[in-house]
Each structure stands twice: as C-alpha cells, then as structure tokens.
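Participant: My questions concern the predicted model and sequence given below.
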Amino acid sequence: MTAQYHVHGDIAVITLANPPVNGLGLSTRQGIADGLAQAQADASVKAIVLTGAGKAFSGGADIKEFGSDKALQEPNLNSVIAALENASKPVVAAIHSVAMGGGLELALGCHYRVVAPGCSVALPEVKLGILPGAGGTQRLPRVLGVETALNMIVSGEAVKSELLASAPGQKLFDKLAASPESLMEEAQAFARSVADVRPLPLVRKLPAKHPQGDAYFQFVRNMVKGMAKNFPAPLKCVDAVAAATTSRSFDEGLVRERELFLALMATPESRALRHLFLAERAASKIPDVPSDTPQRSIQAVAVIGAGTMGGGIAMNFLNAGIPVKMLEMKPEALERGLATIRKNYEAQVKKGKLKQDKYEQRMALLSTTLDYADLAQADLIIEAVFEEIGVKEAVFRQLDAVAKPGAILASNTSTLDVDKIASFTQRPQDVVGMHFFSPANVMKLLEVVRGAQTGKDVLATVMAIAKKIKKTAVVSGVCDGFIGNRMIEQYSRQAGFLIEEGCTPAQVDKAIEKFGFAMGPFRMGDLAGNDIGWAIRKRRYQEKPGMKYSKTADLLCEMGRYGQKTSAGWYDYVPGKRDALPSALVVEMIEKHRKDLGITPRKISDEEIVQRLVLSLVNEGAHILEEGIASKSGDIDMVYLTGYGFPLHRGGPMHYAGELGLFNVVQAMHRFAQNPLDDAAFWQPAPLLARLAAAGQVFN
Ligand code: 3HC
Ligand code: NAI
C-alpha cells in the first residue's frame, strides 16, 4: 500500500507514501479511501489529517498510469475526492511541499488546508496537453477568484504558497504554518480546533463569479488563441473555467470539465507532451550506469578556446555559480572572448533579464590564462578549439600532462572521434564528449558522447552537472555526427533531392515550418553556414563515392554563397539583417542545374515535402537506435526537440513515426524509393524499422 494510516490521540493521519512525488496511482488512491473509512469507523478519531511523505504532498495523478486501465479503476481520483468531501469528520490537508495537479485537487476536496511556506502550488496539466480533470477548474476559481485561478490553469505555472496565502480574500488556505518542520504539529492542532464545527465547509458550496464574465472570457479567449498556436489545451482550460461561472450547478460544471479532459487526453498533442515529460526524465538515466554511481566533485571548470563555443560554454557555468578559467593561445583571443561574454551579459542587463550585481558576481567567477599549468586545479576541463584533429591532439596531450588525477577532460568536438581524442591521453576513462549547441549559453541540448572507455562515474558526473547548468543531456555513442548531426545529414540530402526535382528553397522551408519546425533546412543552412556542410560532403565524396547527393548545395558554395555571414546563401540578405529574401540568382542556378541533368521540374505537394524530410530523420534514427548509439528512441526525440527545432506538439521524430504508424512509414518509404529522381538506397528501411513495422510495434 502506498499510503499509511496512523492515529495520534484523537487525530487520524493519512500519509501518501508513493515516492518519488506521491503520484496518485491506484494503490495510493485505495490507501486514502481505506484510511478515510478506518478513521470514520473509529469513534476515538475526531478529525483527519491528510499529508504526504518525502519531497512532495503530491505531484498529481500518476502520469505513468495514463492510458492504462489503472487510471480509471475505482477508486478513481474523482471518487476519492468525493469520499473526502462526504467524510463525516473534518479532513485537513497538511501541505509541506509540492502540491500539483491532482495533488492540489485532492487538497481542494478536503474541508480545510494548512500549508507550509515555500510550497510550489500549481495546476500544471496544460503542460501535458490536458486540463485539471478532478475538479480543479471548478474549485480553484471558487477559492482564488476567477482571474487568478484562470492564470494558474492556463499557464500551468507554480506559485509559492506564502504568496497565495497572503492574497486578499483567498480561501485556498485556512492557515499558513510557521515552517515545514512545524507543519504537522500545527495541522493537527488546527484539526482539533475544528473537530466539532458543523456543517463541514466544502469548496463546492462557494460561488464562482466574474463581474464582467462574457467580456472577460472573450478577451481571454482572444489572447490565449494567439499564444497557444499548435496546442488545443489552453483554450479548453478557458472553456472549463468559464463553465465554473455559468453552469447551473457545481456538478454540471464538473461534467463539462470531465468531457473536456477526456477529449484532450486523446489528442496527439497531449500524447506528444506526455511523451516529452517522460522522455526528458528518462534521458538522464543511462541503462548500465546505476543512479547510485559515485560522482566526482566539480568545483572548478576550465574552458580551452574562447571562440564562439568556448565563451557560451563558460557562461553556462558562471550562471550556475561555478568558477571558470578560460585558456587561449594569445592575449588578443582572450580579450575578444571576454568582450563577447561581457556583451552578452550586458544585453541581458539592458533587457532587464539580469540584475547588475548578478552580472558582476558572474564576471567575478571568470578568470583567464595563457598557461596550461594554471589548469591544474580544474575538476572539469572542456576543450573548444579548432575542429582539427592535430590541434585537439596537442591540447589533450598538454591536458594529460597538467590536469590533476581524476579531472574530467571533455571535448566539444562536433565531428571528430572521441575515442581517438581519448587515445592522446594516458587516462581515456576520464575523457568524454560534451557537445554543446550554438549559441551554447542558450540552447538546451547537450549531447554527452560516451567513448569506449569513458568511466561510468564520469558519465554520472557529467549528467549531474548538465542538470545543474540547466541542459537537457542525452547520451550518444561515438559515431560520425553523433545523434543529431548524423540524422540531419540525411535530412539535408533529402532536401537537396527535393530542390532538384522541382521545389524552391522557400517552398521546402515554408512546408516544414508549417508542419511546425522552427526553421526549414535552407534557412538553417544559411544561419549555420553552408560551408560547414560543404566540408562534410567533400569528406563523404572520398569516403562513400557511390552515395547520391544533389550538387545544388556545392554549386551554391562555389558561388561563395555561404549564408548570412556572406549576406548571400540560399536566400539574399541585407547586411546586418536576418530576413531571408528569395534569390533570383539561386533560382537561376537551380534551373540551370536541372537542365544540365535533363530534369523536367514537377510540382511537389507540401505533404510530400514534409513526409520525405521527416521520414529521412526517422530512418536514420532507427539505424542509430539499432546500433546502440542512442539507448532509447525518446533520447533521439529529446535531441530533436531541444536542439533542432522539431515541433513540440509532434513529440519528436520517433514518437511522430509511431503516431503515423510504422507500417505506414515503411509503405511511404517504399513509394519514395520508386521515384527515379530520388535514391532507392536512401529509402531502404532500417532493419529495426522494418521489423517493428511488420510486428505492428513502435520504437521504444
Ligand atoms: N506522476 C508520476 N510520476 C511523476 C509525477 C507524476 N505526476 N511527477 C513527477 N513524477 C516523477 C518523474 O517522472 C520522476 O521520475 P523518475 O525519478 O523515475 O525519473 C520523478 O517523479 C522526479 O521528477 P522530477 O525529476 O521532475 O523532479 P523535481 O523534483 O525536479 O520536480 C515535480 C518534481 C515538481 C513534481 C515535477 O516532477 C513535476 O512538475 N511533475 C509534474 C506534475 C504534473 O504535471 N502534475 C499533473 C499530473 S496530471 C493530473 O494530475 C491530472 C489530474 O488533473 C486528473
Ligand atoms: P572558433 O574558431 O570560434 O573558436 C576556437 C577558438 O579556439 C579560437 O578562439 C582559437 O583561438 C582557440 N584555439 C585554437 N587552438 C587553440 C589551442 N591550441 N589552445 C587554446 N586555444 C586554441 O570555433 P568554435 O565554433 O567555437 O568551435 C570550437 C569547437 O566547437 C570545434 O571543435 C567545433 O567543431 C565545436 N562546435 C562548434 C559549433 C558551432 O556551431 N560553432 C557547435 C558545436 C560544436
């Protein structure tokens, strides 16, 4: 049983005990119902306190139960809340920490609520693409007022308990305890003080009114519509709260909430967000690295190279309060790097996003050096020098000579072999890839590249430090391009075939942006620099001479059109501006190229563009999974959602493929393979994909 029952004198205490966050799974719900029954049957019990053990009162309904029979099995959450309301003795919720979603709804079903200061209180269901489904949309407006409740429900954001408790007229909390430590004592004393009060107060009896209801809800709907974009839940949250104010009875409002909740639960957007929630947390777990693996202490960090990446990487650690020493070859390079960091922080100060004193504190944590001997105290050293193996070799040999035993030596390389880099040292177990994305102080993704000999404690430490600097870390094995860039290479190849066959760059970009990508492949190429892809292709032409490529991207680079940095790429740019303007020169180049190949262009639908681009990611993702480069498909999705602008509401390429049905994915690939202007070998389904499709399964 994941709820405990104890009697202290005349008070019964029911304690949720379902770690890690007291999710309201079936056995916990049953435990609460049983405890309630026991307390009511015991004549010596005068009142009941409901509380939670561990780090939360309750994080809400058990997300892992969603979609299974268990979620609906009696007693379901609504039945438990009804039992609380109908209890013959007063029930006091004692909230010492997080009260979220179903957890807050449970507390709202109690007759009284005593809360400690510092608790995070929220109805965050909207972040999972649903709405509160156990009365939250009906009860919260009754205790906090319609506007405050609606803000909390539509945003899903947590509010601190002391703030809510001090809001004028609030009826959410009956008492703010002095501290989390004294909460239980105070809650029991409170329960005793109300033991004989009748009738028992119920939130459902309170009014839910807004003085300008119609106008207010119209205004909110317009605003939310603009912000919610690809997600249906926020608007439905408004509908549910509106129902609290217009329904003829509380129960009629509950029925409306239930209908909306169930409809949202079945949407692909909610499935995508729930997948994202679980995949994000699962990404931090490495199958053969147990959670109790000892970690190394990271008190001081060093960064080698103060260029584009080095500066951004350093900022992450400074932001987290960890001192950083930056090393460069020349004082001018250090000065340039420092100036960029200062400029970035000053921009934040100007926008009011960073306080001046915080900025100064951060800069005070930063020091510089030209001498490797100064790195002897660093616990973690991250190399971000030129992408040339010879340069990396020189750096790692020096690091091996000066770094203290047990220091972690990381490389930010995007294409080089981490095992080779490790071989330049006598301590390959301490070497790991930390592949940040540009701009490194902004982008959430961090690919942690696990070398053949990388120590488990090194991995555990890097995953923990990634959390500290607020990155989403995903482990990748060693391969060319790791997870993200290896997949994007196939996507770019396919984008090239689309151009050759009849699309313009703008048409391809528009189609995939309409699907939800932050940026299409051609705008992305212009931003990153088309010369980077060119260098990779030149290498590929040597390594894989038989592989088919469209030559348009090479022709573009031969014209010197590297992208935004040359004010000309797939698009034209006005110097200093980022707007992508269609280029007549590029269209001419593409048309001539088609003519040279004897291709008569055809009109390609947006749907075909999207399918060909997305499925090229899916197929390479399947290879990556099968080779064990990624240990689970959710990791690949996290890479794409946090590093490559894949639309959140689609849940990542591998999840999206499951939504389409892998059988349909394979059928589409067979169809594309018939196209003589495409590449039949490209569309050969990865063996794992073919097997899962045949078995009617999805990636896991
Ligand atoms: N159900 C099941 N497991 C949950 C959970 C929940 N509601 N909330 C968190 N967890 C699990 C996580 O999956 C993770 O598991 P793991 O250790 O196996 O990976 C563990 O708890 C810890 O989670 P975090 O890493 O997020 O821990 P933090 O301490 O950083 O945050 C938290 C704790 C604030 C509770 C955060 O987890 C959170 O925001 N959870 C989601 C809360 C939520 O969305 N609740 C609404 C659920 S839907 C609902 O209640 C429907 C109802 O209206 C009918
Ligand atoms: P950059 O050219 O902007 O900066 C490199 C810096 O390293 C320069 O300031 C240079 O003076 C310094 N440097 C070179 N050799 C050195 C040495 N021996 N000792 C000390 N400093 C030295 O390059 P950028 O873009 O920052 O790339 C650095 C690394 O990060 C590369 O490995 C690159 O592949 C990788 N990377 C780059 C990304 C990007 O978008 N720019 C994204 C992810 C990884």
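Facilitator: Structure's in. What do you need? Ligands and ions are numbered 1, 2, ... in the order given.

Participant: give me every residue that touches the residue nearest the centre of the chain.
Facilitator: Nearest residue to the geometric centre of the chain (C-alpha atoms, centre = their mean): residue 280, 5.7 Å. Residues in contact with residue 280 (C-beta atoms under 8 Å, 6 or more residues apart in numbering) are 472, 638. C-betas here are computed from N, CA, C, even on glycine.

Participant: Let me see the contact set for residue 256.
Facilitator: Residues in contact with residue 256, defined by C-beta under 8 Å, 6+ apart, are 239, 240, 243, 247.

Participant: Which helix or strand contains it?
Facilitator: Element membership for residue 256 (DSSP states H and E) is helix 250-265.

Participant: ok, residue 109 touching residue 84?
Facilitator: Yes: contact criterion C-beta atoms under 8 Å: residue 109 and residue 84 qualify, at 4.2 Å.

Participant: any idea how far ligand 2 is from residue 258?
Facilitator: Counting by C-beta to the nearest ligand atom, to the nearest Å, the gap from residue 258 to ligand 2 is 48 Å.

Participant: how far away is that residue from ligand 1?
Facilitator: The gap separating residue 258 from ligand 1 is 10 Å, by C-beta to the nearest ligand atom.

Participant: With adjacent residues omitted, what lies nearest to that residue?
Facilitator: Excluding the flanking residues, the one nearest residue 258 by C-beta to C-beta, 6 or more residues apart in numbering is residue 133, at 6.5 Å.

Participant: Look up the pLDDT of the one you found for me, please.
Facilitator: In this model, residue 133 is scored at 97, pLDDT.

Participant: before we move on, what about residue 103?
Facilitator: On the pLDDT scale, residue 103 is placed at 98.

Participant: residue contacts, it?
Facilitator: Residues near residue 103 by C-beta under 8 Å, 6+ apart: 22, 24, 52, 56, 57, 58, 59, 60.

Participant: Only whichever of those residues are buried, select them in ChimeraX.
Facilitator: For the buried members of the contacts of residue 103, the matching ChimeraX selection, counting by 16 or more other C-beta atoms under 10 Å, is:
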select :22,24,52,56,57,58,59,60
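
Participant: ok, so of the contacts of residue 103, who is nearest residue 417?
Facilitator: The shortest approach to residue 417 among the contacts of residue 103 belongs to residue 59, at 41.9 Å (C-beta to C-beta).

Participant: Double-check that closest one against residue 23; I have them as touching.
Facilitator: Yes: between residue 59 and residue 23 there is a contact under C-beta under 8 Å: 5.7 Å.

Participant: Quick one: end-to-end distance for stretch 624-634.
Facilitator: End-to-end distance for stretch 624-634: 12 Å, by C-alpha to C-alpha, to the nearest Å.

Participant: If you average the pLDDT over that stretch, what comes out?
Facilitator: Confidence for stretch 624-634, expressed as mean pLDDT, is 98.

Participant: got the contact list for it?
Facilitator: Residues outside stretch 624-634 that contact it (C-beta under 8 Å, 6+ apart): 275, 278-279, 282-283, 286-287, 474-479, 482-483, 486-487, 621, 636, 639, 652, 654-655, 686-688, 699-700.

Participant: what's around the closest residue in space to residue 194 that isn't next to it in sequence, how many residues?
Facilitator: Distances taken as C-beta to C-beta, 6+ apart put residue 90 closest to residue 194, at 5.2 Å, once the chain neighbours are dropped. Residues lying near residue 90 (other C-beta atoms under 10 Å) number 23.

Participant: Please apply the same query to residue 219.
Facilitator: Neighbourhood size, residue 219 [other C-beta under 10 Å]: 11.

Participant: Which neighbouring elements make contact with the strand or helix carrying it?
Facilitator: Using DSSP H and E, the element containing residue 219 is helix 213-228. With contacts defined as 3 or more C-beta pairs under 8 Å, 6 or more residues apart in numbering; DSSP states H and E, helix 213-228 has these neighbours: helix 146-155, helix 233-246.

Participant: Say whether ligand 1 is contacted by the last one.
Facilitator: This points to helix 233-246. No: remark: helix 233-246 sits outside contact range of ligand 1, by C-beta under 6 Å from any ligand atom, the gap being at least 10.9 Å.

Participant: Buried residues, that helix. List them.
Facilitator: By 16+ other C-beta under 10 Å, the buried positions in helix 233-246 come out as 233-245.

Participant: Next, the angle helix 233-246 makes with the helix holding residue 256.
Facilitator: On the basis of axes from the mean of the first three to the mean of the last three C-alpha atoms, to 10 degrees, helix 250-265 is oriented at 170 degrees to helix 233-246.

Participant: what is the mean pLDDT for helix 250-265?
Facilitator: For helix 250-265, the mean per-residue pLDDT is 98.

Participant: Could you list the contact residues of the stretch 151-300 of the chain toward ligand 1?
Facilitator: residue 281.

Participant: does the one residue in the stretch 151-300 of the chain that gets nearest to ligand 1 sit in a helix or strand, and which one?
Facilitator: Going by C-beta to the nearest ligand atom, ligand 1 is nearest to residue 281 of the stretch 151-300 of the chain, at 3.7 Å. Take DSSP H and E as the rule and residue 281 turns out to sit in helix 268-283.

Participant: and the next element down the chain from that helix?
Facilitator: Counting by DSSP H and E, the next helix or strand C-terminal to helix 268-283 is strand 301-304.

Participant: What is the helix or strand that comes right after that following strand packed up against?
Facilitator: Using DSSP H and E, the helix or strand that follows strand 301-304 in sequence is helix 308-319. Applying 3+ C-beta pairs under 8 Å, 6+ apart, we find helix 308-319 packed against strand 301-304, strand 324-327, helix 331-350, helix 356-364, strand 431-436.

Participant: rerun at 7 Å
Facilitator: Where contact means 3 or more C-beta pairs under 7 Å, 6 or more residues apart in numbering; DSSP states H and E, helix 308-319 is packed against strand 301-304, strand 324-327, helix 331-350, strand 431-436.

Participant: Could you pull up phi and psi at the spatially closest residue to residue 180 that is not a sequence neighbour?
Facilitator: Counting by C-beta to C-beta, 6+ apart, residue 180 lies nearest to residue 116, which is 4.0 Å off, once chain neighbours are set aside. As for residue 116, its main-chain torsions (degrees, to the nearest 10) stand at phi -90, psi 160.

Participant: Spit out the contact partners of residue 116.
Facilitator: Contact partners of residue 116, counting by C-beta atoms under 7 Å, 6 or more residues apart in numbering, are 95, 96, 161, 177, 179, 180, 183.

Participant: gap between it and residue 91?
Facilitator: Distance of residue 116 to residue 91, computed by C-beta to C-beta, to the nearest Å: 18 Å.

Participant: got it, and residue 98?
Facilitator: Applying C-beta to C-beta to residue 98 and residue 91 gives a distance of 20 Å.

Participant: on that earlier part again, okay if I get the helices and strands packed on helix 308-319 as TSV plus mean neighbour count and distance to residue 375?
Facilitator: Formatted as TSV, these follow (neighbours: other C-beta atoms under 10 Å; distance: least, C-beta to C-beta, whole Å):
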stretch	mean neighbour count	distance to residue 375
strand 301-304	28	5
strand 324-327	24	7
helix 331-350	15	14
strand 431-436	26	15
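
Participant: The ones you listed: which one's closest to ligand 1?
Facilitator: Evaluated over those, closeness to ligand 1 peaks at strand 431-436, with 21.2 Å, by C-beta to the nearest ligand atom.
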